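Participant: next come a sequence and a model predicted from it.
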Amino acid sequence: MSDINSHDPRTLGKSLCIITGASRGFGRALALQVVHLLEPGSVLLLVARSGAQLQEVKDELQNFRDEPERQIHCITADLSTKDGVEETVSVASQEAEKELDHVLLINNAGSLGKISSFVSFTDPKEVDSYMSFNVSSALALTAGILQMFPRRPGLRWTVVNVSSVYALEASPLWVLYCTAKAARTMMFKVLAEDEPNVKVLNYSPGPMETEMQEKVREITGTSVDVMACKDSAATLIKLIIDNEFPSGTHLDFFES
């Protein structure tokens, strides 16, 4: 059986790493950095709704000729549906018999939603649809993966929720986004309490140059200084490797 201390502490070890929303933006940047830190025998699962964009990311990752042997799988799935969650869990479960050092789940998938006044949301179905993708799917997926990889000696467990400053601060017109981010943050705080063997991090990556940020600028007519996704991704990966944060905490890029 693997010894959790036997791998290079500067890497993520022999890992199963699952990244949702991996086809673009922050998820893509995470995949491009994580792949360098996976030891031989590791598996990287990239999950998103766009199969074509996922394949582009996979092709780019496989161009790293000097990387250690590892498998990369693309899962085209809509995580707002039961089928999408079950398919992702099913693919991940195929690695359950491996002697892994580390299971790392990064819940990055999410959407901006409608930016509008509070009183415009009169249709429960519209709200439910948004919450299904942005809250319910992260809970169901994380629970399913946890069941597939129960506690055992030598296995390190890390769950990351990609959060936002809006999980902690209210903003006019952002009722859906703020509510979902706040709910997800509390949800993963509860996970930290329920599962002491799982290290949980709520990470707010800061304003980044993404399609979502472009959409915000178009809708609101405002802009903020943004950073490259790779810079915030590097900070998150360092936090995971150092493993010094209290489980369940909420950390912002600018606090790290």
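Facilitator: Yep, that arrived.
Participant: show the contacting residues for residue 14.
Facilitator: The neighbours of residue 14, taking Cβ atoms under 8 Å, 6 or more residues apart in numbering as the test, are 2, 7, 38, 39, 40, 41, 42, 98, 99, 100, 101, 102. In short, each C-beta sits where N, CA and C put it, glycine included.
Participant: cool, and residue 210?
Facilitator: By Cβ under 8 Å, 6+ apart, the neighbours of residue 210 are 24, 25, 26, 229.
Participant: now the second one. Its backbone dihedrals?
Facilitator: In other words, residue 25. Note on residue 25: backbone dihedrals following degrees, to the nearest 10 are phi 60, psi -130.
Participant: how near is the closest residue to it other than its chain neighbours to residue 22?
Facilitator: Ranked by Cβ to Cβ, 6 or more residues apart in numbering and with sequence neighbours excluded, the top spatial neighbour of residue 25 is residue 210, at 4.0 Å. In this structure, residue 210 lies at 13 Å from residue 22, with Cβ to Cβ, to the nearest Å as the measure.
Participant: correct me if wrong: residue 176 contacts residue 129.
Facilitator: No - counting by Cβ atoms under 8 Å, no contact exists between residue 176 and residue 129, whose distance comes to 10.1 Å.
Participant: who's more crowded, those two?
Facilitator: Neighbour count, other Cβ atoms under 10 Å: between residue 176 and residue 129, residue 176 has more, with 21 against 13.
Participant: so the more buried one sits in a helix?
Facilitator: Yes - assigned with DSSP: H, G, I helix; E, B strand; the rest coil, residue 176 falls within a helix.
Participant: once you drop chain neighbours, what's closest to it?
Facilitator: residue 113 (4.0 Å).
Participant: with residue 227 instead?
Facilitator: In space, and not counting its chain neighbours, residue 227 is closest to residue 208: 5.7 Å by Cβ to Cβ, 6+ apart.
Participant: closest to residue 152 among the contacts of residue 210?
Facilitator: Nearest to residue 152, judged by Cβ to Cβ, of the contacts of residue 210 is residue 26 at 30.9 Å.
Participant: pLDDT at the closest one, what is it?
Facilitator: Model confidence at residue 26, expressed as pLDDT, equals 96.
Participant: same check, this time on residue 44
Facilitator: At residue 44, pLDDT is 97.
Participant: now, which of the contacts of residue 210 lie within helices?
Facilitator: With DSSP state H as the criterion, helices contain 25, 26, 229 from among those.
Participant: how about the contacts made by the last one?
Facilitator: Which is residue 229. Residues in contact with residue 229, defined by Cβ under 8 Å, 6+ apart, are 25, 26, 28, 29, 205, 208, 209, 210.
Participant: can you check residue 18 too?
Facilitator: 45, 47, 88, 92, 104, 105, 106, 145.
Participant: so what's it bridging to?
Facilitator: According to DSSP bridges, residue 45, residue 105 are recorded as the beta-bridge partners of residue 18.
Participant: quick one on the thing from earlier: now list whatever residues contact both of residue 210 and residue 22.
Facilitator: When contacts are counted by Cβ under 8 Å, 6+ apart, residue 210 and residue 22 have no shared neighbour.
Participant: and the closest residue to residue 162 other than its chain neighbours, its phi and psi?
Facilitator: Nearest residue to residue 162 in three dimensions, chain neighbours excluded: residue 108, at 4.4 Å (Cβ to Cβ, 6+ apart). Note on residue 108: its backbone torsions stand at phi -110, psi -20 [degrees, to the nearest 10].
Participant: I'd guessed residue 108 sits against residue 24; true?
Facilitator: No - contact status for residue 108 versus residue 24: not in contact, 10.5 Å apart, counting by Cβ under 8 Å.
Participant: great, nothing more from me.
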